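Colleague: heads up, no residue letters with this:
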């Protein structure tokens, strides 16, 4: 009898455990994964819904039409301009078309629409989506990026609103079916890749922001005390690394070395930061993890190990080596610095509405956390202002706005360096929101082409006063 009871209890325990696992999975599926499942391009329920619902329109922040449906055909009036960010809905779904899929197909169930659907075979109408994107930025960036490869992101630091997202080369989503074979086979240009969110690049000297932060965090009261005499290069046992154009920067501290972008200084500075401390700083800023963005994106990578060679460590301190970052991520770091250390979740959906203009869903700013000490963030802001005032970014000086940032020239597997600029801008009047941005131009280092693209962003910001 006791043996039978034990068997019964064992079997009961197994069934109870299985039942608990099923319950937990259902909770996980409905509470955590429901959004991902609902926008998944292979969700057959939504595919069936498309037969009954006219997909809603997509607008920029100023109500310019970016996507619409005409006679059951999805059209993109701006063509290539929003190819990556809006995406397409014909061969699976990408970009906003995937992100807002549920809203775009949300039927307008009323007595009238139900009657028309049942008796007149008329389709329901999905909701329209208004984005945080501003076509003025997008147009200006596209003009500046003509003939160049790279990616650009513009964000409002205080809200997290993405004001522009552009990548080049692109494609015309109106012709996605016709051009699909050529686009998917074009390995050289990879036009289907959104370089702004998925392009991984050596950050070059823009990484000096992270090296500086790591040192400042462990030397809060004395970070300007460390000085170095730069002779235009630094030579150790197994390597020699030069400053840009072999420029000898002379006697520099952290502030002057930052705005002059002195490689030699930052390599010596990095020797005072343990590998695990630099890694911790990088990961606190978002390296090696998914960023809090609902759209697909690549992880930035920080892979330095204590066992790596002195050359690898030196290269990492100036943004070379194995470190890789996306423009999206670098813009988020710049936004957090501009926002006194507070990072907001970047978002692109502003609100949804029905065809009568009635608001249905409003997407609000979300606080991510204070990822940088406020006083240190303000000190780094000052250093970034000096980059534009008297350093490597003086081409961006403006009379009516204040600009800060960090230039970067990143060596890569090609003969030509990549050109970076990461930074922020603000008006003198506090009522206007700041913007932060990251620009990379592939193989554009010699002409500092990222500065030219950044200039196009600042020209728009100077006028529109968001």
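Modeller: Ah, there it is. Model, not experiment: these values are computed from the prediction. Numbers count the residues shown, from 1 in each chain.
Colleague: next, the contact list for residue 461, please.
Modeller: 401, 425, 435 (Cβ atoms under 8 Å, 6 or more residues apart in numbering). Every C-beta, even on glycine, is put in place using the N, C-alpha and C of the backbone.
Colleague: my guess is the first one meets residue 425, correct?
Modeller: Yes - with contact taken as Cβ atoms under 8 Å, residue 401 and residue 425 are classed as touching, separated by 5.2 Å.
Colleague: the more surrounded of those two?
Modeller: Just comparing residue 401 and residue 425: by other Cβ atoms under 10 Å the higher neighbour count belongs to residue 425, 23 against 18.
Colleague: what's the separation between that one and residue 437?
Modeller: 8 Å (Cβ to Cβ, to the nearest Å).
Colleague: quick check: neighbours shared by these two?
Modeller: residue 457.
Colleague: name the nearest residue to residue 427, ignoring sequence neighbours.
Modeller: Computed as Cβ to Cβ, 6 or more residues apart in numbering, the closest residue to residue 427 that is not its neighbour in sequence is residue 401, at 5.6 Å.
Colleague: I meant to write residue 116 there.
Modeller: According to Cβ to Cβ, 6+ apart, the nearest residue to residue 116 is residue 122 (4.1 Å).
Colleague: going by secondary structure, that neighbour is in what exactly?
Modeller: Using DSSP states H and E, residue 122 falls within no helix or strand.
Colleague: roughly how far does it sit from residue 355?
Modeller: Using Cβ to Cβ, residue 122 is found at 13 Å from residue 355.
Colleague: ok, residue 182 next?
Modeller: Using Cβ to Cβ, one gets 37 Å for the distance from residue 182 to residue 355.
Colleague: between these two, point out the one with more neighbours.
Modeller: Counted by other Cβ under 10 Å, residue 182 and residue 355 do not tie: residue 355 has more neighbours, with 13 against 10.
Colleague: the closest residue in space to the more buried one that isn't next to it in sequence bridge partners, please.
Modeller: The shortest distance from residue 355 to any non-neighbouring residue, by Cβ to Cβ, 6+ apart, is to residue 125 (5.6 Å). Going by DSSP bridges, residue 125 is paired in beta bridges with residue 54.
Colleague: residue 125 and residue 63, how far apart?
Modeller: As judged by Cβ to Cβ, residue 125 and residue 63 stand 18 Å apart.
Colleague: neighbour count: these two, which is higher?
Modeller: Set residue 125 next to residue 63 and count neighbours by other Cβ under 10 Å: residue 125 wins out with 18 against 10.
Colleague: that one against residue 113, yeah?
Modeller: Yes - if you go by Cβ under 8 Å, residue 125 and residue 113 touch, sitting 7.4 Å apart.
Colleague: need the residues touching each of the two.
Modeller: Contacts common to residue 125 and residue 113, judged by Cβ under 8 Å, 6+ apart, are residue 107.
Colleague: overlap in contacts, residue 401 and residue 425.
Modeller: In contact with both residue 401 and residue 425: 458, 461, using Cβ under 8 Å, 6+ apart.
Colleague: for this structure, give me the ranges with low pLDDT.
Modeller: Judged by pLDDT under 70, the chain has its weakly predicted residues at 1-5, 25-48, 111, 114-115, 118, 431, 446-447.
Colleague: okay, buried residues for the lengthiest helix in it please.
Modeller: In the chain, assigned by DSSP state H, the helix with the most residues is helix 2-27. Judged by neighbour count (16 or more other Cβ atoms under 10 Å), helix 2-27 contains no buried residues.
Colleague: from here on, call the first residue 725.
Modeller: Sure, I'll start numbering at 725, so the last one becomes helix 726-751.
Colleague: and it, how far from the chain's centre?
Modeller: 46 Å (Cα atoms, centre = their mean, to the nearest Å).
Colleague: what's the answer for stretch 1028-1042, then?
Modeller: A distance of 26 Å separates the centroid of the chain from that of stretch 1028-1042, by Cα atoms, centre = their mean.
Colleague: same check on stretch 801-813?
Modeller: So, by Cα atoms, centre = their mean, the centroid of stretch 801-813 is 17 Å from its chain's centroid.
Colleague: same question, stretch 1110-1119
Modeller: Using Cα atoms, centre = their mean, the offset of stretch 1110-1119 from its chain centre is 24 Å.
Colleague: in it, what counts as buried?
Modeller: Residues 1110, 1111, 1112, 1113, 1115, 1116, 1117 are the ones in stretch 1110-1119 that count as buried (16+ other Cβ under 10 Å).
Colleague: what's the most distant pair in those?
Modeller: Comparing all pairs in the buried residues of stretch 1110-1119 by Cβ to Cβ, the longest separation belongs to 1113 and 1116, at 11.0 Å.
Colleague: residues shared between the contacts of those two?
Modeller: What both residue 1113 and residue 1116 touch, as defined by Cβ under 8 Å, 6+ apart, is the set residue 983.
Colleague: residue nearest the centroid of the protein?
Modeller: residue 1052 (1.8 Å; Cα atoms, centre = their mean).
Colleague: what residues does it make contact with?
Modeller: 875, 877, 889, 920, 921, 1015, 1017, 1021, 1070, 1162.
Colleague: how many neighbours does the fourth one have?
Modeller: For residue 920, the count of nearby residues is 27 (other Cβ under 10 Å).
Colleague: burial count for residue 919?
Modeller: By other Cβ under 10 Å, the residues close to residue 919 number 26.
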